[in-house]
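Peer 1: Sharing a model prediction with you, sequence too.
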Amino acid sequence: MKWSTQNIDKSYKTAYLSSLLLHVYAQLFIDGHEPHTLKWSYPSSMGKGLLSEYRAIWDSLTEISPIQSKVTLKIYPPSDLSDIGETEGSSWGTTESKIGWGNSEASTNDNNSVWGNSESKSDEWGASTPTPVSLGWGDESSKKSKKVIDILTDTLPIRFDFKQLGNEESLTEACAVANYLINSGYSVNPGELVLCFDIGGSTTDITALCQMDGGKAMIKQNSIRFAAQRVAQATKYSPNFKSVLLKMCERKNISIQGLNKGDNKFSENTAPYYFERLVDRLDDSDFNTFYLLIAAECKEMMSINLYVTGLIMYYAGQLAFKLRSEIVKSEDAPPAVKALAPKIHIAFAGKGARIFDWFTAVNPKAANDYYTKMFIRGIGGENVAKQTITPINFPSQIININTRKKDNNVKYEVSKGLAIPTHITPILVPKNKEAIEILGEENFCVIRPNGEMKYLNYGNSITTEMMEHIGDYFISSPQQGQQPCPKFMDFADLFFKVSSSMFGLKMSPADFMSGFQNMNIESYIKQDPDFIEAQKRKKEEQKKFDYVAPIIILEGMNFFENYLLKGIQKS
């Protein structure tokens with residue numbers, strides 16, 4: 001194999017693509033295979049318009065490849081571009097039937113909450129009658145009347161319409177991770193549900209795998225904007241963090257320009273940068289030492305870590321409840337799968353997965369207890385958990401948390417998933433890529449055309465239509481005597497107890513209550529740049545409004561930015 005750079009253009013774009021190409025080839029050679037083909041991963045949320053733009057860039061890789069070989073490089077296009085999408089039904093009108101799920105009895109165990117009694121009671125989800133809307137092409141009267149907004153709540157059972165993941169196509173990042181998981185120890189047998197969180201810098205990609213009629217299936221792939229960057233962001237508020245970085249550099253004989261070499265460039269604004277620089281220079285055996293040093297000298301950073309990882313685990317519990325409910329309803333799930341409450345396996349991938357090692361380095365048992373309790377609270381409490389999942393080994397192990405991790409695979413799961421031929425262990429993926437996403441919070445309701453306020457259970461799906469009309473037809477409206485955000489308060493309760501007792505979090509219950517009472521989640525969402533961009537795309541480009549996110553995660557982002565970062569600075 002010869003290497004050449006003569007075909008590499010000096011532009012940023014081709015240099016960037018060349019570095020990606022080298023990275024993927026290097027990763028493939030780790031496994032001892034010389035590739036004949038090259039697959040690329042892309043975010044599952046990337047629209048077809050953007051995919052088309054990137055297609056031209058991908059196709060140019062054969063020209064800028066720095067590798068000289070007899071092997072012919074093939075570039076596979078994204079499978080999404082071969083799917084023209086839903087073509088049934090009219091674009092000008094809808095006739096939709098809506099049904100409810102019936103009565104949900106999920107409730108949250110208050111566990112002696114420090115906020116007082118925040119027990120949330122489930123609502124009757126009930127059923128609503130169909131509301132046909134017929135719009136003719138030439139009906140002028142319809143143009144004069146105000147558009148009726150009738151937001152769907154929960155819909156008919158999901159039809160995944162599975163297809164086998166093809167080998168000659170590029171994959172979403174979630175598909176690549178799924179391919180890696182099932183070929184590296186996650187058997188995904190009947191009665192098992194695997195939730196994988198691929199934690200990056202700014203987003204966390206979520207993959208859900210289970211057994212369906214026809215084989216191993218990926219039933220969920222989407223992203224949330226809550227990831228390791230939150231931990232890095234907090235380093236600027238940690239007064240002793242520079243000292244920790246310098247001590248690690250001294251122990252490992254590492255020189256970093258601007259930190260311990262040359263002019264001092266360290267400041268609160270550059271702290272996240274130097275944090276990343278050091279982490280990239282550490283060996284696998286060094287991380288526990290680094291985390292223990294943080295726990296000893298930067299306790300506030302441990303609290304930040306517990307917040308981010310704890311909320312992900314709480315959300316994982318909510319997702320397990322939601323996905324199990326959808327599996328039971330789905331016509332694609334065989335009776336044997338529906339009859340088995342699944343055992344839950346939680347996997348972490350990506351460079352950001354290391355944030356789950358911090359607490360474990362300090363105390364493995366305490367970390368496992370914390371994450372397990374967060375998961376159970378998220379699922380709705382112990383009573384709901386008993387009806388929803390099967391313990392791995394009761395009572396010592398309720399769920400399996402990343403026990404099959406291989407440290408040397410951190411960051412490389414996507415690359416290796418792309419390298420493994422998909423026919424080795426076939427995976428079913430849904431043609432319908434609408435993410436199964438959960439509302440995750442109580443006290444939200446939709447306003448019916450007749451003015452009725454229909455309250456939704458936290459387990460209700462949340463849709464782009466709801467998010468588009470947040471504050472107008474989809475609102476947060478706690479009834480008299482109800483707490484403003486009971487699910488988020490339930491998460492914060494356990495986080496406060498553990499972080500204050502183990503790592504001396506200086507915030508008081510009054511500080512937390514101030515954050516709860518002033519959540520203003522509707523205003524926060526409307527100011528989100530992604531929300532604003534979705535509005536812009538719909539208005540200027542006539543594209544579908546495509547912003548959606550679980551409310552529990554948005555609440556977590558809001559509280560983190562406006563209260564927690566200020567709280568860790570208390571002396």
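Peer 2: Here it is on my side, so go on.

Peer 1: can you tell me which residues contact G556?
Peer 2: Going by CB atoms under 8 Å, 6 or more residues apart in numbering, G556 touches 226, 307, 311, 488, 491. All C-beta spots, glycine's among them, are computed from the backbone N, C-alpha and C.

Peer 1: So which elements touch the helix or strand where the last one lies?
Peer 2: Assessed by DSSP states H and E, F491 sits inside helix 486-503. For helix 486-503, the contact count by 3 or more CB pairs under 8 Å, 6 or more residues apart in numbering; DSSP states H and E identifies helix 299-329, helix 364-379, helix 509-517, helix 551-559 as packing neighbours.

Peer 1: ok so, going back, quickly name whichever of the contacts of G556 is closest to G451.
Peer 2: Closest approach between the contacts of G556 and G451, by CB to CB: F488, at 28.2 Å.

Peer 1: does that closest one really touch N443, like I thought?
Peer 2: No. Using CB atoms under 8 Å, F488 is not in contact with N443, being 10.7 Å away.

Peer 1: Counting neighbours, go ahead and name the busier of those two.
Peer 2: Neighbour count, other CB atoms under 10 Å: between F488 and N443, F488 has more, with 28 against 21.

Peer 1: Pull the number of nearby residues for K261.
Peer 2: Per other CB under 10 Å, the neighbour tally for K261 reads 11.

Peer 1: ditto for the one 3 residues further on
Peer 2: By the criterion of other CB under 10 Å, N264 has 11 neighbours.

Peer 1: What of I294?
Peer 2: Counted with other CB under 10 Å, residues neighbouring I294 total 24.

Peer 1: ok so, going back, tabulate the helices and strands packed on helix 486-503 (CSV), appending distance to S170.
Peer 2: Supplementary listing: the helices and strands packed on helix 486-503 in CSV, determined by distance: least, CB to CB, whole Å:
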stretch, distance to S170
helix 299-329, 26
helix 364-379, 33
helix 509-517, 43
helix 551-559, 28
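
Peer 1: Format those as JSON lines; extra columns: distance to H423 and mean pLDDT.
Peer 2: Formatted as JSON lines, the helices and strands packed on helix 486-503 follow (distance: least, CB to CB, whole Å; pLDDT from 0 to 100):
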{"stretch": "helix 299-329", "distance to H423": "26", "mean pLDDT": "95"}
{"stretch": "helix 364-379", "distance to H423": "34", "mean pLDDT": "95"}
{"stretch": "helix 509-517", "distance to H423": "51", "mean pLDDT": "95"}
{"stretch": "helix 551-559", "distance to H423": "36", "mean pLDDT": "97"}
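
Peer 1: Would you tell me which of these gets closest to T464?
Peer 2: helix 551-559 (13.7 Å).

Peer 1: So what's the gap between that closest one and the chain middle?
Peer 2: Centroid separation for helix 551-559 versus its chain: 13 Å, with CA atoms, centre = their mean, to the nearest Å.

Peer 1: okay, the angle between it and helix 486-503?
Peer 2: Helix 551-559 and helix 486-503 are oriented at 50 degrees to each other (axes from the mean of the first three to the mean of the last three CA atoms, to 10 degrees).
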